[in-house]
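S.K.: Based on what follows, work out the 3D shape:
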Amino acid sequence: MFLEDKKYFQVDVFGKSGMKGNPVAVFFGGKDLSTEEMQKIATWMNLSETTFVLPPTNPKADYKLRIFDPLSEMKFAGHPTLGSAKAFLAAGHASKDSQKLIQECQLGLIDVFISSDDILSFELPSASLIEINKEVKREFADALKISHEMGDLLLLVDVGARWVTGELKSKEELLNLKPDMPQLAAVSDFLGVDGVTLFAKDQNDNGPIEVRSFAPAMNVNEDPVCGSGNASVGFYILKNKLAIGPKYTSQQGRAMGRNGELKIELIGERVRVGGQTKVWLKGEYSTDDLNG
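M.R.: Sure, this is the predicted structure:
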């Protein structure tokens, strides 16, 4: 039956080379698991996200996805969306449309486009962009150890995941950043956000932008390569009419020894985020002793 086998995949997403992206754990056959049991598995996996691929409830969708970080369930996340789509195809399931999959999740229906065997992309039609109180901006600036001038440019971008998003003056400044993680977790909790995503592009540099995402409130001090964070950057660029795009490359993870690469398209008011996906681990799992 559809998605019944208890299969497990671990997929590397956005890695430019082997095992240099962001891994996601993808579980099939978990429709009888409770939310508490799914969270228990995700906490034990101790990755930035773990997902459960389930039969869809919306007839337009190919599957339903539930996404968990180590502490809670998420409405949406980028690299788990692409990794789960890759696992869905690798498990032998066919899409209703040869060019895309439709994912059902708490955010709604998400289009996942199939460019090739390993290149997938998701598209978000809109985001909520919310101004932040100036005093709170400066608390974020202090936690990030950036100037109040840079902190004043921060904006809350809600793409399902909620990222405080902003631009720094140089890649060097961004790569050398060492936030105060407990302080950043506290102010993130206060504002009710997942964390902070920052980006930078050096003057006269036509290469990729640099991105870093910090989510200590979610028990993930730094996300190696973050799809929703990069989507938030895309909407920030659109909002501020920055001279980047409509197509550009983003790199992320260098501060952690990773080598993530994302291809971003700004299509009108929409943002499409894509990159390489590769299955590295697959097998079966058992829930016999899950509550033992």
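S.K.: Tell me which other helices or strands the longest strand belonging to the chain touches.
M.R.: Determined from DSSP state E, the single longest strand within the chain is strand 270-284. Helices and strands touching strand 270-284, by 3 or more C-beta pairs under 8 Å, 6 or more residues apart in numbering; DSSP states H and E, are strand 7-13, helix 78-90, strand 119-124, helix 227-240, strand 260-267. Bear in mind the C-beta positions are built from the backbone N, C-alpha and C, glycine included.
S.K.: Alpha carbons only: can I get the last one in CSV?
M.R.: This means strand 260-267. Extracted as CSV, the C-alpha positions of strand 260-267 are listed here (Å, rounded to 0.1, in the frame of the first residue of the first chain):
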residue,chain,number,x,y,z
GLY,A,260,26.5,24.2,0.2
GLU,A,261,25.4,25.8,-3.0
LEU,A,262,21.9,27.0,-3.8
LYS,A,263,20.4,28.4,-7.0
ILE,A,264,17.9,31.1,-6.4
GLU,A,265,15.3,32.6,-8.8
LEU,A,266,13.2,35.7,-8.1
ILE,A,267,10.2,35.3,-10.4
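S.K.: picking up where we left off before, can you put the helices and strands packed on strand 270-284 in CSV and add distance to residue 169, mean pLDDT and mean neighbour count?
M.R.: Converted to CSV, those look like this (distance: least, C-beta to C-beta, whole Å; pLDDT from 0 to 100; neighbours: other C-beta atoms under 10 Å):
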stretch, distance to residue 169, mean pLDDT, mean neighbour count
strand 7-13, 29, 96, 23
helix 78-90, 26, 96, 27
strand 119-124, 27, 96, 22
helix 227-240, 15, 97, 26
strand 260-267, 21, 96, 21
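S.K.: now for those, which one comes closest to residue 138?
M.R.: helix 227-240 (18.8 Å; C-beta to C-beta).
S.K.: Now do that closest one and strand 119-124, the angle between them.
M.R.: Here helix 227-240 runs at an angle of 50 degrees relative to strand 119-124 (axes from the mean of the first three to the mean of the last three C-alpha atoms, to 10 degrees).
S.K.: Note down every partner strand of the helix or strand following helix 227-240 and its orientation.
M.R.: Downstream of helix 227-240, the next assigned helix or strand under DSSP states H and E is strand 247-252. Using DSSP bridges, the strands paired with strand 247-252 in its sheet are strand 209-215 (parallel), strand 260-267 (antiparallel).
S.K.: where's the longest one relative to the chain centroid, distance-wise?
M.R.: Per C-alpha atoms, centre = their mean, to the nearest Å, the displacement of strand 260-267 from the mean C-alpha position of its chain is 13 Å.
S.K.: can you check the first one too?
M.R.: Here the centre of mass of C-alpha atoms in strand 209-215, compared against the chain's by C-alpha atoms, centre = their mean, lies 11 Å away.
S.K.: So for that strand, mean pLDDT?
M.R.: Mean pLDDT, strand 209-215: 98.
S.K.: Tell me the helix or strand right after that strand.
M.R.: Assignment by DSSP H and E places the next element after strand 209-215 at strand 220-223.
S.K.: in that following strand, what counts as buried?
M.R.: 220, 222-223 (16 or more other C-beta atoms under 10 Å).
S.K.: can you check stretch 61-72 too?
M.R.: 61-70.
S.K.: Now the terminal residues of it, how far apart.
M.R.: One end of stretch 61-72 sits 24 Å from the other (C-alpha to C-alpha, to the nearest Å).
S.K.: again, but for stretch 121-129
M.R.: 22 Å.
S.K.: Also stretch 192-205?
M.R.: End-to-end span of stretch 192-205 (C-alpha to C-alpha): 35 Å.
S.K.: Give me the buried positions along that stretch.
M.R.: For stretch 192-205, by 16+ other C-beta under 10 Å, it's 193-201.
S.K.: The nearest residue to residue 258 once chain neighbours are set aside: what's it in contact with?
M.R.: Leaving aside its sequence neighbours, residue 258 sits nearest to residue 224 (C-beta to C-beta, 6 or more residues apart in numbering; 4.6 Å). The neighbours of residue 224, taking C-beta atoms under 8 Å, 6 or more residues apart in numbering as the test, are 21-22, 48, 252-253, 256, 258, 260.
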